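Visitor: just need the structure, nothing else, for what follows:
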Amino acid sequence: MSATLETVQTFINFCSQYIEGKEKQDAQTFLDRFFRVFGYKGALEAGAKYEQAIRKGSKQGKTGFADLVWKPRVLIEMKKRGEDLGKHYSQAFEYWLRLIPDRPRYVVLCNFDEFWIYDFNQQLDEPVDRVFLTQLWERITAFGFMEVAAQTPVFRNNQVEITETAARRMGELFKILYQRGDKEGFDRLSAQRFILQCVLAMFAEDRGLLPRDQFISCVQDCLNGESSYDLIGGLFREMNQPRITPAGRYQGVDYFNGGLFKTIHPIELTKPELNYLDVAARQDWNKIRPAIFGNIFEGTADENERHSYGIHYTSEADIMKIVRPTISRYWEEKIDAANTIKDLTKLQLELQSYRILDPACGSGNFLYIAYQELKRIEKTLLEKIDRKRRKPTQQTEMGLVTPKQFYGIDSNPFAVELARVTLMIARKVAIDKFNSSEPSLPLDTLDQNIVCQDALFCNWTKADAIIGNPPFLGGKQLRMTLGDNYAEKVFQQFPEVRDSVDFCCYWFRLAHDYLEEKGRVGLVGTNSISQGKSRQASLDYITQNQGFIYEAVSTQPWSGTAKVHVSIVNWSREKPSQFILDDERVNRISSSLKASINVSDAIRLEKNKGMSFQGIIPVGKGFYITKEKAEEWIKENPKNKAVIKLSCSAGDLTDKPNGYPSRWIIDFNDMSLEEASNYALPFKHIKATVKPEREKNRDAKAREYWWRFLRARPKMRKQIADLSCYFAVPSHSKWFIFLPINQQWIPNNSTTIVASDDFYVLGILTSNVHRQWVKAQSSTLKGDTRYTPKTCFETFPFPENPSTEIMENIRQTTIKLHEYRSEQMEQKQWGITKLYNQFFHEPSSQLYQLHEQLNKQVMEAYQFNPKKDILEQILALNLKQSQPDN
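Guide: Here you go, the predicted model:
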């Protein structure tokens, strides 16, 4: 450890003698000496920067300046001595959000006497630790991230660990109860309700809403032989009595209301079950994160149900990427702009009637964080009014914002109960957090606010802000996972959406339909919403119907358990004053979630149709055979060579020298059953391995023609039959590099091919012009871009009437490029991806120079202006070539 008792004491003594605690005067001196504690010569020498400019970081949306940024370790914001650091949380979080790339892991707020350490990736609104300057040596392990050799810090307020322990125990307890419930007279919903009643009771006990140790003493007495049916069931009944219990075991128990305790199903717990409950009850429920409720829901939801409905939960940091632009900034700007008591009082009335809806609320995590933010906004507003009136504020009379302004919809009954409990807890947390004089009990009854309905088939409450995380479910999975009847019902409800689209798209459409004139929406969706048919059904619909996407994250890995990439989209009907995409200010955000022009208006060109194809789709693992088996069968009967061929995959194109295939495939093409049977060994193999699988297929043709590929691509075969080669590219990849492929190789469905052997065509497809078009036009799978014949090739305009000379120049440069790549791959035994990763960005490499030469020639062929937007010029050419007279 580089920090020592001596360096710490030297720092404390220096601060005592020389630091007055004035922010501008002392901040940099204080921080420089703080870095010396850990063995650095100073902050600058360690690599940190003072007064780091952060675009859009200030409340007014202007450039802000962070006191110290040390990427990727820490952001430190200094405030004057005695300042309430909680008031500056919002600014620190805003700075942290915008510090990309290499966003610091930790954020520290400091007022010269106290350090508040945040880890926003773990917990949002509470510091993971608070350390006084005078305790620095005793608590030095909390600053492990400051060490020369960075160490894992040890925090005392890590609420995530406590939350996970409690959530795991309650989830396990539910599963045990559910398994024995049928035999003992209580069903799944009764067990879930009992779990939630326990959760609220444990929270209430540690927050002072129940008499001290009331719940845990019940659990302890049950472990000593008392009946949980009587003791815990009795406590829950008292919590639903509209009075304070006057005497007896439950003396002092107040009326909770809230709907959760209107139905009591006492359960006689076994000793092992009581042990689970005891472990959970011993946690400090003051430190439980709202994410516990999502965790409990995940832990108690049936696995099939979770998959079918795409139930996955969003991290708090990601929730804030919606709540801040949709709700917080909207109100912060209004409060900043209001400078008279009259204007501020008007905002009070507006805040009281402000409504928030989550139409896929799940466990209520979005509503919880939105509630905390709106209460923070309320406190900010009331404090500004008090300052204007010169009225000192001690305990704030906060009652403008209530849970009754928050609404949710979910089709799962337990999720609905869970979300109601989450909001009940949100209210008490806010009362304590903001030192509000609001009464904690009775709880609000939220039965009319958070309802158990299918959001696609019910009326939504009018709301000023719509937020949430609709279910993740690919369009092709809808019928398979939710059933034919439900799928047909959805299609009838949305007849204008004729194609297979991601399930979340329907929420995006409805949210825009219900959006008020001055309202805002923020939703999370799979990143397919910005691509292809899903984009047309969602973001195209929004932007074509007076909607403006004003802030978005184009794609990021999902923070939850689902292995997907997501997009985060915020939009309104009012034209925004600024656009923020991936934390950068831009001039526009298209429905493709790009700052460039929206190329979705491009038209498929007749001259390009019939040239590009997806590879064959076999459907049946038995079609693929090993090299040894292929050679054995051909040796036994040479005529088998006619149906045993090399098959080229995306993996081969990216990883094998010159894309050489790694697998063999049995290809009967369009042969009749009788013709196929002439190839005895391959036919026997297909009959034994493919036919049983095909007989279960829902597709009638797949069952009837079991020896053929499901999609044999006859048009593709016809187009490449007389070519010396064709050009192939992986459908999903980083680079999208077309390779010339042997005409005899069968491309599979992970590849896209272009039926041409002209290296002029290959040159155009290899150029930066085409690459930009692909990036803008393609649909996506997770983080990779996708190349499809319809969107990427058929919409792409080739140069109009280029000279013979320029065509030949492009052709010859492409041949040189191909020969160079081929030689390098064979020599190094690399695939094309490794070659490009190694050399493409090296200006001195031959690969780089050949591409530069090719790009110049292609730009000359197009006669594009390099100073203008290339995509705009390609789109204009597309629209021109789509005209009938072209």
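Visitor: in the stretch 51-200 of the chain, which spans are strands?
Guide: Listed in chain order, the strands of the stretch 51-200 of the chain (DSSP state E, counting those that start in this stretch) span residues 64-70, 74-78, 106-110, 114-118, 129-132.
Visitor: pipe those strands into a markdown table and attach mean neighbour count and mean pLDDT per row.
Guide: Backbone N, C-alpha and C define where each C-beta goes, glycine included. A markdown table is the format used below for these (neighbours: other Cβ atoms under 10 Å; pLDDT from 0 to 100):
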| stretch | mean neighbour count | mean pLDDT |
| --- | --- | --- |
| strand 64-70 | 21 | 94 |
| strand 74-78 | 23 | 97 |
| strand 106-110 | 24 | 98 |
| strand 114-118 | 22 | 97 |
| strand 129-132 | 18 | 96 |
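Visitor: how about CSV for those, with distance to Lys635 added?
Guide: CSV is the format used below for those (distance: least, Cβ to Cβ, whole Å):
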stretch, distance to Lys635
strand 64-70, 67
strand 74-78, 67
strand 106-110, 66
strand 114-118, 69
strand 129-132, 71
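Visitor: out of the ones you listed, flag the one nearest Asn637.
Guide: Evaluated over those, closeness to Asn637 peaks at strand 106-110, with 69.0 Å, by Cβ to Cβ.
Visitor: ok, residues contacting the closest one?
Guide: Defining contact as Cβ atoms under 8 Å, 6 or more residues apart in numbering, one finds that strand 106-110 is touched by 30, 73-79, 85, 88-89, 92-93, 95-96, 115-120, 127, 145, 153.
Visitor: strand partners of that strand, parallel vs antiparallel please.
Guide: strand 74-78 (parallel), strand 114-118 (antiparallel) (DSSP bridges).
Visitor: ok, back up a step: between the strands of the stretch 51-200 of the chain, which one is nearest to Lys518?
Guide: Of the strands of the stretch 51-200 of the chain, nearest to Lys518 by Cβ to Cβ is strand 64-70, at 26.9 Å.
Visitor: got the contact list for that closest one?
Guide: Contacts with strand 64-70, where a contact means Cβ under 8 Å, 6+ apart, come from 27-28, 31, 43, 46-54, 56-58, 74-78, 91, 94-95, 99, 104.
Visitor: in helices, which of those residues appear?
Guide: Mapping the contacts of strand 64-70 onto helices (DSSP state H) picks out 27-28, 31, 43, 46, 91, 94-95.
Visitor: from those residues, which two are the most distant?
Guide: Largest pairwise distance in these, by Cβ to Cβ, is 24.6 Å, between Ala46 and Glu94.
Visitor: give me the more crowded residue out of these two.
Guide: Higher neighbour count among Ala46 and Glu94: Glu94, with 21 against 17, using other Cβ atoms under 10 Å.
Visitor: ok so, going back, tabulate the strands paired with strand 106-110 (TSV), appending distance to Tyr18.
Guide: Output for the strands paired with strand 106-110, formatted as TSV (distance: least, Cβ to Cβ, whole Å):
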stretch	distance to Tyr18
strand 74-78	15
strand 114-118	19
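Visitor: what's the closest of those to Tyr506?
Guide: Among the strands paired with strand 106-110, the nearest to Tyr506 by Cβ to Cβ is strand 114-118 (36.7 Å).
Visitor: distance from the chain centre to that closest one, please.
Guide: Here the centre of strand 114-118 is set off from its chain's centre by 28 Å, with Cα atoms, centre = their mean, to the nearest Å.
Visitor: quick one: contacts of that strand?
Guide: Around strand 114-118, the neighbours that count as contacts under Cβ under 8 Å, 6+ apart are 85, 89, 92-93, 96, 106-110, 127-133, 142-143, 153, 155.
Visitor: same check, this time on stretch 241-253
Guide: Stretch 241-253 has contacts (Cβ under 8 Å, 6+ apart) with 210-211, 214, 231, 234-235, 238-239, 254-255, 257, 442.
Visitor: now do the same end-to-end measure for that stretch.
Guide: With Cα to Cα, to the nearest Å as the measure, stretch 241-253 spans 9 Å from end to end.
Visitor: cool, stretch 256-275 as well?
Guide: End-to-end span of stretch 256-275 (Cα to Cα): 26 Å.
Visitor: quick one: buried residues of it?
Guide: Going by neighbour count (16 or more other Cβ atoms under 10 Å), the buried part of stretch 256-275 is 256-261, 264-267, 269, 273-274.
Visitor: quick check, nearest of these to Thr4?
Guide: Leu274 (48.6 Å).
Visitor: ok now do Ser2, which residues does it touch?
Guide: Contacts for Ser2 (Cβ under 8 Å, 6+ apart) come out as 38-39, 147-149.
Visitor: before we move on, the earlier item: for Cys458, which of the strands of the stretch 51-200 of the chain is the nearest?
Guide: Judging the strands of the stretch 51-200 of the chain by Cβ to Cβ, what sits closest to Cys458 is strand 114-118, at 39.2 Å.
Visitor: those helices in the stretch 601-750 of the chain, which residues are they?
Guide: 627-636, 650-655, 673-677, 680-689, 691-694, 700-704, 714-720 (DSSP state H, counting those that start in this stretch).
Visitor: what of the stretch 751-886 of the chain?
Guide: Along the stretch 751-886 of the chain, the segments classed as helices by DSSP H, counting those that start in this stretch run 759-766, 768-777, 804-828, 832-839, 846-862, 870-881.
Visitor: deepest of the ones you listed, which one?
Guide: helix 759-766 (a mean of 24; mean count of other Cβ atoms under 10 Å).
Visitor: what sits against Lys342?
Guide: Going by Cβ under 8 Å, 6+ apart, Lys342 touches no other residue.
Visitor: and the pLDDT for it?
Guide: Looking at Lys342, its pLDDT stands at 94.
Visitor: for Glu298, same thing?
Guide: If you check Glu298, the pLDDT there is 58.
Visitor: and what of Asp318?
Guide: Per-residue confidence (pLDDT) for Asp318: 86.
Visitor: swap in the one 10 residues further on?
Guide: pLDDT, the model's per-residue confidence, is 95 for Ser328.
Visitor: do the same with Gly783
Guide: For Gly783, the predicted pLDDT is 52.
Visitor: is Ser572 bridged to anything, and to what?
Guide: Going by DSSP bridges, Ser572 forms beta bridges with Arg520, Phe548.
Visitor: so it makes contact with Tyr550?
Guide: Yes: Ser572 is in contact with Tyr550 according to Cβ atoms under 8 Å; the separation is 6.1 Å.
Visitor: of those two, who's got more company?
Guide: Neighbours per residue (other Cβ under 10 Å) separate Ser572 from Tyr550, with Ser572 holding more: 25 against 22.
Visitor: show the contacting residues for that one.
Guide: 515, 518-521, 547-548, 550 are the contacts of Ser572 under Cβ under 8 Å, 6+ apart.
Visitor: do Glu126 as well
Guide: Residues in contact with Glu126 (Cβ under 8 Å, 6+ apart) are 157, 159, 287.
Visitor: can you give me the distance of it to Met859?
Guide: Glu126 sits 55 Å away from Met859, going by Cβ to Cβ, to the nearest Å.
Visitor: and what of Met78?
Guide: Applying Cβ to Cβ to Met78 and Met859 gives a distance of 51 Å.
Visitor: just Asn449 next, same as before
Guide: Distance of Asn449 to Met859, given as Cβ to Cβ: 59 Å.
Visitor: now do Met320
Guide: Met320 is 43 Å from Met859, by Cβ to Cβ.
Visitor: okay, now the unreliable bits of the stretch 501-650 of the chain?
Guide: Applying pLDDT under 70 to the stretch 501-650 of the chain picks out residues 559-563.
Visitor: show me the strands in it, by range?
Guide: For the stretch 501-650 of the chain, applying DSSP E, counting those that start in this stretch gives strands covering 520-526, 548-557, 565-572, 579-581, 584-586, 612-614, 624-625, 644-648.
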